[in-house]
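Novice: Would you be able to build a 3D model of this:
(chains A, B, C and D)
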Number of protein chains: 2
Amino acid sequence: MSDQTKEKIVDAAYRALVRQGYHETSMKDIAAEAGVAPGLAHYYFQTKEDLLVAAIERGCEPALKTWEDAGLSPHGQLPEDADPLALAQLGFEMAKQELRLFGDLFLLTFDMFGVGTHNPKIAAAVRQFIDDRRAFIARITQGVIAGMAIRPDSSAEAIAAATWGSLHGIYLQKVIDPSFDADAAIDALREMVFAFATGHRTSRVGDN
Amino acid sequence: MSDQTKEKIVDAAYRALVRQGYHETSMKDIAAEAGVAPGLAHYYFQTKEDLLVAAIERGCEPALKTWEDAGLSPHGQLPEDADPLALAQLGFEMAKQELRLFGDLFLLTFDMFGVGTHNPKIAAAVRQFIDDRRAFIARITQGVIAGMAIRPDSSAEAIAAATWGSLHGIYLQKVIDPSFDADAAIDALREMVFAFATGHRTSRVGDN
DNA sequence: CCTGTTTGATTGAATGACCAAACAATTCCG
DNA sequence: CGGAATTGTTTGGTCATTCAATCAAACAGG
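Specialist: Sure thing, here's the model as predicted:
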């Protein structure tokens, strides 16, 4: 029963968080959403921060799962035989899908980024979130660079940072303005990345 | 006296905001920082939100000014005769400098983005902030596209959205982790943009 | 099988602190 | 004198956290 209740509270926290935002969500709100007494949330989580970090991690799970289902586990190995550019292409398509399916999660994510600017515990969670995703992009980038005849000036890490940043910035524009055409922006990013990757090749594969 | 006092309060609000963050900054804090009585802030600003929006706008002023000093007014006309790619290059260098000089401002900006996810009044200010900067990049992009022999698939707006997003995402990584090498990431973005812009030219100008 | 005890889960009220906003009183200055 | 600027307090409310009390289920021994 214990685990079930704890999970119920975390789920309720996630829902309340998405609906109202970090600072507008009180422990009482969460308890009410979960259908338990106000004191119980503190029985399982020492502080509000602890509960909310758990809620965010919980919220990331389904999104992570879709990446793994597509064979692109951010933590596992990348398929060795696949064409790196095809992997990149798949990544961009997944990014579009992710935004479509998990808009709520990113709403919360941007809220957390904001909280993290002045809250060390949340900042640590945010750093972890960024590191994970950027490292994943860096691994794909490594493969792409390996296929380029002329080595780029920039490191895979720097390229990954710019690329993750672009996706993140596109997500933000979509969250702030739902009429924003995120797919077109991601396509533009892809076009730039591919021009960069194929422009340095000895044999031109295709003119995108 | 009136204007002077009002300004004093706005400045104090900006400093307190940078130091403590949006939700951890109370009207009393701001009044204390400004050296005035707690009630006076409400004499000039009806609500806390109003004061904080004013503080953010105030914080943006010096950053905007450096762009204008460099001849790149986000609102005015772009120099007609300049090479578009040179303008872009200047823009990337300015972005690096901006981050170096106004890191505080971006700390606050990300805080505001977070608040904006669940606060309509702040969301409107955020949308305005994004629109301004993205439109500016779009104007430079228009010029770059005009110099390309093969028209890209993506519109200038989409490319500008991806580019603004990348810069924003790089700024975020720097704010969250001060050891992050933002200059390298911006250089990587520039390398990609230039590969994209020159790779489509009839006559190769230079291999970056 | 029954009963008294222990344990952990859960409750709801209480605590202590803080806040935005409203307000009445005072000072300043033309 | 009179209105604008400024003060400091009050109001009404919310919040995270604590805590004593209740409850239900497992458990032990006779």
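Novice: Which residue is it, in chain A, that comes closest to DNA strand C?
Specialist: Of all residues in chain A, the one sitting closest to DNA strand C is A:G39 (2.0 Å; CB to the nearest atom of the strand). The C-beta positions use only the backbone N, C-alpha and C, and glycine is treated the same way.
Novice: Report the contact partners of that residue.
Specialist: A:G39 makes contact with A:A31, according to CB atoms under 8 Å, 6 or more residues apart in numbering or on different chains.
Novice: just A:G143 next, same as before
Specialist: Shown in contact with A:G143 (CB under 8 Å, 6+ apart): A:78, A:84, A:87.
Novice: A:I130 versus the last one, what's the distance?
Specialist: It refers to A:L87. Remark: distance between A:L87 and A:I130 (CB to CB, to the nearest Å) = 21 Å.
Novice: Tell me which of these two has more neighbours.
Specialist: Between A:L87 and A:I130, counting by other CB atoms under 10 Å in any protein chain shown, A:I130 is the more crowded of the two (23 against 18).
Novice: Now do the more buried one, the pLDDT please.
Specialist: With respect to pLDDT, A:I130 has a value of 96.
Novice: On the C-terminal side of the host helix or strand of it, identify the next helix or strand.
Specialist: In this structure, A:I130 sits in helix A:120-146 according to DSSP states H and E. Per DSSP H and E, the first helix or strand lying C-terminal to helix A:120-146 is helix A:156-176.
Novice: want to throw the contacts of A:G143 into TSV with pLDDT and distance to chain B?
Specialist: Output for the contacts of A:G143, formatted as TSV (pLDDT from 0 to 100; distance: CB to the nearest CB, whole Å):
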residue	pLDDT	distance to chain B
A:L78	78	21
A:P84	91	16
A:L87	94	17
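Novice: In chain A, what residue lies closest to chain B?
Specialist: Across chain A, the shortest distance to chain B (CB to the nearest CB) belongs to A:G114, at 1.7 Å.
Novice: Once you drop chain neighbours, what's closest to the spatially most central residue of chain A?
Specialist: What sits nearest the mean C-alpha location of chain A, by CA atoms, centre = their mean, is A:R133, with 6.4 Å. By the measure of CB to CB, 6 or more residues apart in numbering or on different chains, the closest residue to A:R133 outside its immediate chain neighbours is A:W164, 5.8 Å from it.
Novice: Which pLDDT does the model give the one you found?
Specialist: On the pLDDT scale, A:W164 gets 98.
Novice: which residues touch it?
Specialist: If you count contacts by CB under 8 Å, 6+ apart, A:W164 has them with A:130, A:133-134, A:137, B:169, B:173.
Novice: ok, now with 10 Å
Specialist: By CB atoms under 10 Å, 6 or more residues apart in numbering or on different chains, A:W164 lies in contact with A:130-131, A:133-138, B:166, B:169-170, B:172-173, B:185.
Novice: burial measure for A:D83, as a count.
Specialist: Neighbours around A:D83, by other CB under 10 Å: 13.
Novice: How about the contacts made by it?
Specialist: Taking CB under 10 Å, 6+ apart as the test, what A:D83 contacts is A:89, A:143-144, A:147, A:205.
Novice: what's the answer for A:F136, then?
Specialist: A:F136 neighbours (CB under 10 Å, 6+ apart): A:67, A:72-75, A:78, A:91, A:160, A:164.
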